[in-house]
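Enquirer: Fold the following.
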Amino acid sequence: MDPGEIADRICAYIDAPVKAYGCGGKLERWWPFYVLQWRQSLGFEIEMTKRDGREGVWAQWGQEAWADHWRRHDSKLAEAVERMRAEGIDPNEVGPPRGFKGKWPKIEAMA
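Expert: Numbers count the residues shown, from 1 in each chain. Below you'll find the model as predicted:
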């Protein structure tokens, strides 16, 4: 692909409507993969627990496995926030994942 084709594809992506997974004519900040994973995982937790809390999520594996899954989930989220802070990324600038419905939490102020 030549540089002109690459530029055309980038411009088309920026100009494409958000509903078509474009940027709606606005540039968006690029986030490292671990930040996107953190955002998706936090969105999953909020969506899955909004009605019945954590009790119904992963409960089919029994209490011990349920506790282990939530422990690992919480640990990964905390590690990602710490890494963001170390790299100068404010978690509050990341925002919710595409299609998220609900109230996105405010992450405690950066240290």
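
Enquirer: CA only for contacts and neighbour counts going forward, please
Expert: Noted.

Enquirer: if I look at Lys26, how far off is Ala12?
Expert: Lys26 sits 11 Å away from Ala12, going by C-alpha to C-alpha, to the nearest Å.

Enquirer: Equivalent analysis for Pro3, please.
Expert: For Pro3, the distance to Ala12 - C-alpha to C-alpha - is 14 Å.

Enquirer: Mind checking which of the two has more residues around it?
Expert: Between Pro3 and Ala12, Ala12 has the larger neighbour count (other C-alpha atoms under 10 Å), namely 15 against 8.

Enquirer: what's in contact with the host helix or strand of the more buried one?
Expert: For Ala12, the host element (DSSP states H and E) is helix 3-15. Defining contact as C-alpha atoms under 8 Å, 6 or more residues apart in numbering, one finds that helix 3-15 is touched by 22-27.

Enquirer: what comes up buried for the longest helix seen in the chain?
Expert: Secondary structure assigned by DSSP state H gives helix 63-86 as the longest helix of the chain. By 16 or more other C-alpha atoms under 10 Å, the buried positions in helix 63-86 come out as 66-67, 69, 76-77, 80-82, 84.
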